[in-house]
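Enquirer: generate coordinates for the sequence data below:
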Amino acid sequence: MQDVLSALNGLRRTPLLIRAARIGVCDYNRAVHLPRHLGPAALPRAAEALVRLMEIEAAQERDRTARAAGYRAARHVDVLIAMMGEARHLRAPQTAPA
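Expert: Numbers count the residues shown, from 1 in each chain. Down below sits the predicted model:
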């Protein structure tokens with residue numbers, strides 16, 4: 001878990017993308033957002049979802065820096081929102097069942 005969070009903390013992206021994602025993360029709902037990026041299968045655990053999202057985001061970043069014709073900033077921001085949401089979910093203290 002710490003390796004995933006360390007890798008996430010090491011990411012450096014343009015401030016505008018990060019600012020947009022921070023605004024959007026307050027409305028993050030993993031049941032709605034994750035299937036858009038990971039498909040309709042059962043929701044994975046937060047660490048697994050975060051690893052997969054980071055792979056998707058890395059491809060988005062490559063497209064952005066290469067100025068690829070298919071790059072969409074809105075999709076990039078949406079992936080960053082999901083990454084931030086999953087990181088919050090991962091960092092949240094786990095409550096034991098009562």
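
Enquirer: first vs last residue of stretch 64-73, how far apart are they?
Expert: 8 Å (C-alpha to C-alpha, to the nearest Å).

Enquirer: buried residues, it. List them.
Expert: Neighbour counts over stretch 64-73 (16 or more other C-beta atoms under 10 Å) mark 64, 71 as buried. Where C-beta positions appear, they are placed from N, C-alpha and C, glycine not excepted.

Enquirer: residues in contact with it?
Expert: Residues outside stretch 64-73 that contact it (C-beta atoms under 8 Å, 6 or more residues apart in numbering) are 17, 60, 62-63, 76.

Enquirer: ditto for stretch 40-53
Expert: Residues outside stretch 40-53 that contact it (C-beta under 8 Å, 6+ apart): 1, 4, 8, 30-31, 34-35, 37-38, 79, 82-83, 86-87, 89-90.

Enquirer: sorry, back to before: show the buried residues in the contacts of stretch 64-73.
Expert: With neighbours counted by 16+ other C-beta under 10 Å, the contacts of stretch 64-73 contain buried members at 17, 60, 63, 76.

Enquirer: is it true that the last one touches Gln60?
Expert: Yep, that's His76 we're talking about. Yes. With contact defined as C-beta atoms under 8 Å, His76 counts as touching Gln60 (4.3 Å).
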